[in-house]
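Any chance you can model this:
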Amino acid sequence: MIKPLSKRMIGIMSQGTYLVSWKELEEGDAGEPFEFHSSEQRSIQFSGTFGPDGAICLEGSHDGLSWVTLTDPQGNPISKMGPGIESVTELAVFVRPRVKSGDPSTLLNAHLLVKESL
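Here you go, the predicted structure:
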């Protein structure tokens, strides 16, 4: 199932910094794709109840059809089986989280912090 995203400006941070959130992602869910316009810094935080089998990744696409797992600055795929925060290396047109595996207890959140290029 595609889960909707919410976007809000971060008032205490500089202009052009905002938080995109996807909440209550379950096994098999993908977040609604978020379209970047320009960005110089990006980080993703995963949280929630992973359960024994829960795994979530961050994917990117330039066409909105073919998706690949994005990487951190060390070249590692951004895929987690527990809570964490990672910087995102690639700049893709579209970005979304996807729950790769889980069980009935899996209920995850993804929060993408974006600082736009001004």
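
which residues touch Gly102?
26-28, 50-51, 53-55, 108 (Cβ atoms under 8 Å, 6 or more residues apart in numbering). C-beta here means a position set from N, CA and C on the backbone, and glycine is covered the same way.

Tell me how far the closest residue to it other than its chain neighbours lies from Ser105.
Nearest in space to Gly102, with sequence neighbours left out and distances taken as Cβ to Cβ, 6 or more residues apart in numbering, is Glu27 at 3.4 Å. Separation of Glu27 from Ser105 (Cβ to Cβ, to the nearest Å) stands at 9 Å.

Could you give the separation of stretch 106-113 from the chain centroid?
Stretch 106-113 sits 7 Å away from the centroid of its parent chain (Cα atoms, centre = their mean, to the nearest Å).

Tell me the buried residues in that stretch?
Buried positions in stretch 106-113, judged by neighbour count with 16 or more other Cβ atoms under 10 Å: 106-113.

Tell me where this protein has strands.
2-3, 5-9, 17-25, 30-31, 34-35, 41-49, 55-61, 68-69, 79-80, 84-87, 94-101, 107-115 (DSSP state E).

who does Phe46 bridge with?
Under the criterion DSSP bridges, Phe46 forms beta bridges with Gly84, Ala110.

Quick check: it touching Arg98?
No. Using Cβ atoms under 8 Å, Phe46 is not in contact with Arg98, being 11.3 Å away.
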